[in-house]
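Engineer: Show me the folded form of this:
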Amino acid sequence: MGVHNSTSTQLSNGRVRSTHITGTLTDAGIAFGSFVTSFISRSHSDERRFYQKQLHTHLTTIFSFLSGCIAGLLLFKSFGFYSMIGLGILLTVVALSAIAVTLQTARKRLY
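Structural biologist: Okay, the predicted model is just below:
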């Protein structure tokens with residue numbers, strides 16, 4: 001969970017933290033309120049776009065969490081603990097590819 005939280009925090013420049021789904025729901029509510037308020041206060045379109053992107057990020061996180069819960073339940077009911085092997089391999093591949101991309105990007109910035 002810490003890796004997920006730090007990744008989402010870094011990708012959003014500190015605007016999104018997702019340690020617990022309740023915190024993400026709270027942040028989504030705040031983003032929704034800010035987005036709606038931007039219409040009432042006639043904010044600039046850049047500010048409104050910022051709130052819209054932030055709300056989209058939170059809703060994507062919530063949808064992904066719920067989808068993962070349902071998929072995990074169905075896989076576990078079908079395959080038991082063996083389903084965790086497939087998920088572990090998938091997560092390892094995702095992590096290794098992210099590390100490779102990060103290292104490649106860092107090397108390009110150095111040279």
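Engineer: ok, now how distant is the residue positioned nearest the centre of the chain from residue 75?
Structural biologist: Centroid-nearest residue in the chain, with CA atoms, centre = their mean: residue 61, separated by 4.4 Å. Residue 61 is 21 Å from residue 75, where distance means CB to CB, to the nearest Å. C-betas here are computed from N, CA, C, even on glycine.
Engineer: now for the top helix by length along the chain, which elements pack on it?
Structural biologist: When the chain is parsed with DSSP state H, its longest helix is helix 45-79. Counting contacts by 3 or more CB pairs under 8 Å, 6 or more residues apart in numbering; DSSP states H and E, helix 45-79 is packed against helix 21-40, helix 82-110.
Engineer: any idea how the protein splits into domains?
Structural biologist: 2-79, 81-111 (automatic domain parsing).
Engineer: Give me whichever of those domains is most buried.
Structural biologist: Stretch with highest mean neighbour count among the domains of the chain: domain 2-79 (a mean of 14; mean count of other CB atoms under 10 Å).
Engineer: rounded to a whole number, what's the mean pLDDT of that one?
Structural biologist: Throughout domain 2-79, pLDDT has a mean value of 82.
Engineer: Could you check how far it is from the centre of its chain?
Structural biologist: When distances are taken as CA atoms, centre = their mean, to the nearest Å, domain 2-79 is centred 7 Å away from the chain's centroid.
Engineer: Ok, stretch 90-106 next?
Structural biologist: Distance, centroid of stretch 90-106 to centroid of chain: 17 Å (CA atoms, centre = their mean).
Engineer: Just the mean pLDDT for it, thanks.
Structural biologist: Across stretch 90-106, the average pLDDT comes to 92.
Engineer: And the contacts of that stretch?
Structural biologist: Here stretch 90-106 makes contact (CB atoms under 8 Å, 6 or more residues apart in numbering) with no residue beyond itself.
Engineer: Stretch 25-41 now?
Structural biologist: For stretch 25-41, contacts defined as CB under 8 Å, 6+ apart pick out 16-17, 43, 47-48, 51-52, 54-55, 58-59, 62.
Engineer: Kindly provide the distance from the residue nearest to the centre of the chain to residue 84.
Structural biologist: Distance, residue 61 to residue 84, using CB to CB: 22 Å.
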